[in-house]
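> sequence first, then the predicted structure, then my questions.
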Amino acid sequence: MAIVSKSGKNEEEFFWQFVKGFVKIWESQLRLNWSRLPDCLAVKHDSGPHLSRLPEELLPAIGKFMYLAKEETDKISLNPKSLKKVELLVRCLIVICRNFDNIPLIASCDFVNQSVGITATVVHQVCTPQRGYCNVDIFDMPWF
């Protein structure tokens, strides 16, 4: 069964449910604390799931949704709902990369470029006076 297809709305909903559940389970197992960095010596090289144990379609689906989010962020002004989804995708990639064997493959994909592009666009949107966001503290935005 494919995680996501080109047209299947149900499959897209299934994908987001899968990613939410995956991140929730693995973040609790890995005891990820987003407010402070872990001790380097405390992180084991194989803490996260190995890619071979994940659905084949997971990385292509993440790539597809990162690409679509980048396109949307470039065309439309700040969209917190879409950014929440991007945050979920990035958290999923972080969990996957907690197994260090996965890092070379993840690094060879466009995830970092897309994430940086989305971030640059969001920062530009937040700091552009014409958009009215200039005086807003970015850490008060709903996705933080």
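Ah, there it is.
> mind giving me the packing neighbours of the helix or strand bottoming out on mean pLDDT in the chain?
One helix or strand of the chain scores below all others by mean pLDDT, DSSP states H and E: helix 111-127, with a mean of 86. The contact analysis (3 or more Cβ pairs under 8 Å, 6 or more residues apart in numbering; DSSP states H and E) places helix 111-127 against helix 58-75, helix 80-97. Quick note: C-beta positions are derived from backbone N, CA and C, even for glycine.
> just the angle between the last one and helix 58-75, please?
Interaxial angle, helix 80-97 versus helix 58-75 (axes from the mean of the first three to the mean of the last three Cα atoms, to 10 degrees): 150 degrees.
> could you shift the numbering so residue one becomes 103, and keep it that way?
Done: numbering now begins at 103, and the last item shifts to helix 182-199.
> in helix 182-199, what's buried?
For helix 182-199, the buried set under the neighbour-count rule, 16 or more other Cβ atoms under 10 Å, comprises 184-185, 187-188, 190-199.
> in TSV, list these along with distance to K172 and pLDDT.
Listed next are these as TSV, based on distance: Cβ to Cβ, whole Å; pLDDT from 0 to 100:
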residue	distance to K172	pLDDT
S184	10	82
L185	11	83
K187	12	91
V188	9	91
L190	15	95
L191	11	95
V192	13	93
R193	17	93
C194	16	95
L195	15	95
I196	18	92
V197	21	93
I198	19	95
C199	20	92
